[in-house]
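Peer 1: pasted the sequence and its predicted model underneath.
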Amino acid sequence: MTIILGIDPGSRKTGFGLVETDGAGTRYLSSGVVKLPVDQSLALRLKVLAESLNQIICEYKPTLAVIEQVFMAKSADSALKLGQARGAAMVVCSLAGLDVHEYATRQIKQAVVGTGGASKAQVQHMVTRLLKLPSTPQEDASDALAAALCHISGDGVRRATGAQTFATGRLK
């Protein structure tokens, strides 16, 4: 059994998603958004992020973590804050003993939707379909679940567990 924690980092909100794969398929476990206090300093927001991710890790005991790589945001300041949120998430996961894997946004979209230029709505739609969810997850949670699904489509988990792979939005 492999439990994957997907993380879509942000300095104001961070999406998380957990899926489990056993070689016979993939199952949704949980997802959500950690909302960080915007009226607080960045240091306190990162503390809230770290504590929240630590709670999620303690509750679900994931095997590994997948995090979206930094892309150039609207401004250099936004990109730096995003990088700091990613760093905090990576440290929490590493301290918990998880292997941390990184994927570019385009790579994640390609794995889940079939095109690296997919919209957020398309990612939400495919995540909902692939995981057979009763409702559409929030954007950030959906992005985190997509990151986890992207990892399943890669050789690492497939070799280790015989997991099914995702290609152009369909199970292979």
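Peer 2: That came through fine.
Peer 1: all contacts plus neighbour counts: C-alpha atoms, from now on.
Peer 2: Noted.
Peer 1: which stretches of the chain form strands?
Peer 2: Counting by DSSP state E, the chain has strands at residues 2-8, 13-21, 26-35, 64-68, 99-103, 166-167, 170-171.
Peer 1: who wins for proximity to residue 128 among those strands?
Peer 2: Nearest to residue 128, of all the strands of the chain, is strand 26-35, at 9.9 Å by C-alpha to C-alpha.
Peer 1: so how many other residues sit close to residue 43?
Peer 2: Neighbour count of residue 43, defined by other C-alpha atoms under 10 Å: 11.
Peer 1: and what of the one 4 residues further on?
Peer 2: Look at residue 47: counted by other C-alpha under 10 Å, it has 15 neighbours.
Peer 1: start the count at 53 instead of 1 going forward.
Peer 2: Will do, 53 is the new start, and the previous item becomes residue 99.
Peer 1: now it: how far from residue 79?
Peer 2: As for residue 99, its distance to residue 79 is 30 Å (criterion: C-alpha to C-alpha, to the nearest Å).
Peer 1: and the strands of the chain, which is most packed in?
Peer 2: strand 54-60 (a mean of 27; mean count of other C-alpha atoms under 10 Å).
Peer 1: so which elements touch it?
Peer 2: Under the contact definition 3 or more C-alpha pairs under 8 Å, 6 or more residues apart in numbering; DSSP states H and E, strand 54-60 sits against strand 65-73, strand 116-120, helix 191-205.
Peer 1: the first one pairs with which strands, parallel or anti?
Peer 2: The reference is to strand 65-73. Note on strand 65-73: by DSSP bridges, its sheet partners are strand 54-60 (antiparallel), strand 78-87 (antiparallel).
Peer 1: what residues does stretch 139-147 touch?
Peer 2: For stretch 139-147, contacts defined as C-alpha atoms under 8 Å, 6 or more residues apart in numbering pick out 59, 61, 98, 101-102, 105-106, 109, 117, 119, 151-152.
Peer 1: hey, C-alpha coordinates of it in CSV?
Peer 2: Below are the C-alpha coordinates for stretch 139-147, written out as CSV (Å, rounded to 0.1, in the frame of the first residue of the first chain):
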residue,chain,number,x,y,z
GLY,A,139,10.5,24.9,1.5
ALA,A,140,8.5,24.7,4.7
ALA,A,141,6.4,21.9,3.2
MET,A,142,9.4,20.0,2.1
VAL,A,143,11.1,20.3,5.5
VAL,A,144,8.0,19.0,7.3
CYS,A,145,7.8,16.1,4.9
SER,A,146,11.5,15.3,5.1
LEU,A,147,11.5,15.5,9.0
